[in-house]
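Peer 1: The amino acid sequence is not available; the structure is as follows:
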């Protein structure tokens with residue numbers, strides 16, 4: 001059974017910057033389900049996308065893999081032989097747990113779990129890659145070089161799934177933030193938890209607008225960018241090389 005997220009339940013004298021440490025890794029499945037509208041659907045649809053786009057003899061990348069939910073979805077969605085998945089995360093607490101989850105999973109496609117910075121990973125012979133709520137934690141100036149690297153490592157017709165928290169013009173932001181915090185309250189988070197986590201994420205998670213993401217993906221060399229999901233201020237895009 002997954003542990004319940006109580007990371008920000010107690011009053012903290014000084015709220016430290018959010019990090020994916022052991023305390024977060026331990027409760028991450030509960031945290032992400034209660035914090036990101038539609039997370040389970042996004043992950044399951046990534047499996048469906050893998051079924052469409054994975055090609056025999058290629059690699060698939062889960063970049064910013066946390067506990068490997070996206071890698072597992074890809075693993076069970078792939079409909080061809082001789083593929084390999086590379087799951088990368090810079091949190092040792094996450095990758096240690098991810099390795100155990102992969103070992104216990106009954107999928108047959110090989111999955112390599114790598115503890116490292118996604119900016120340092122070589123992407124090659126790829127039919128698919130996913131940045132599932134990961135780019136938002138990368139410094140803005142490093143986002144285009146990373147996307148270019150991914151695009152260059154994808155084979156023609158390969159795809160990137162990019163899922164992100166979005167920023168909006170002021171009035172739209174107010175409406176969507178209000179609904180989003182209603183969502184968190186409905187999932188059992190207190191006002192203290194909501195406030196302290198918001199403080200912890202400030203300047204750590206830096207969201208951008210949908211138009212910013214589209215423009216950057218096109219600048220990186222993707223031929224088509226298709227928004228396919230939005231839940232309040234969270235979205236997912238499919239970028240095709």
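Peer 2: Arrived safely, thanks for sending. Because the structure is a prediction, the values reported are computed rather than measured.

Peer 1: Flag the shaky bits of this protein, pLDDT-wise.
Peer 2: With pLDDT under 70 as the threshold, the chain has low-confidence stretches at 1-2.

Peer 1: Which helix or strand lies directly C-terminal to the lengthiest strand in it?
Peer 2: In the chain, with assignment by DSSP state E, the single longest strand is strand 154-165. Downstream of strand 154-165, the next assigned helix or strand under DSSP states H and E is helix 170-186.

Peer 1: That following helix: which residues count as buried?
Peer 2: 176, 180-181, 183-184 (16 or more other Cβ atoms under 10 Å). All C-beta atoms are positioned from the backbone trio N, CA, C, and that covers glycine.

Peer 1: of the residues you listed, closest to residue 208?
Peer 2: Within those, the smallest distance to residue 208 is 14.4 Å, found for residue 176 (Cβ to Cβ).

Peer 1: returning to that earlier point: between the longest strand of the chain and helix 170-186, how many degrees?
Peer 2: 80 degrees (axes from the mean of the first three to the mean of the last three Cα atoms, to 10 degrees).

Peer 1: circling back: okay, the buried residues of helix 170-186 in CSV with distance to residue 232 next?
Peer 2: Shown next, in CSV, are the buried residues of helix 170-186 (distance: Cβ to Cβ, whole Å):
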residue, distance to residue 232
176, 5
180, 5
181, 10
183, 7
184, 10
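
Peer 1: rewinding a little: list of residues touching the longest strand of the chain?
Peer 2: For strand 154-165, the surrounding residues in contact (Cβ atoms under 8 Å, 6 or more residues apart in numbering) are 42, 46, 49, 53, 55, 58, 123, 125-133, 135-136, 147, 150-151, 205, 207-208, 213, 217, 222, 229, 233-241.
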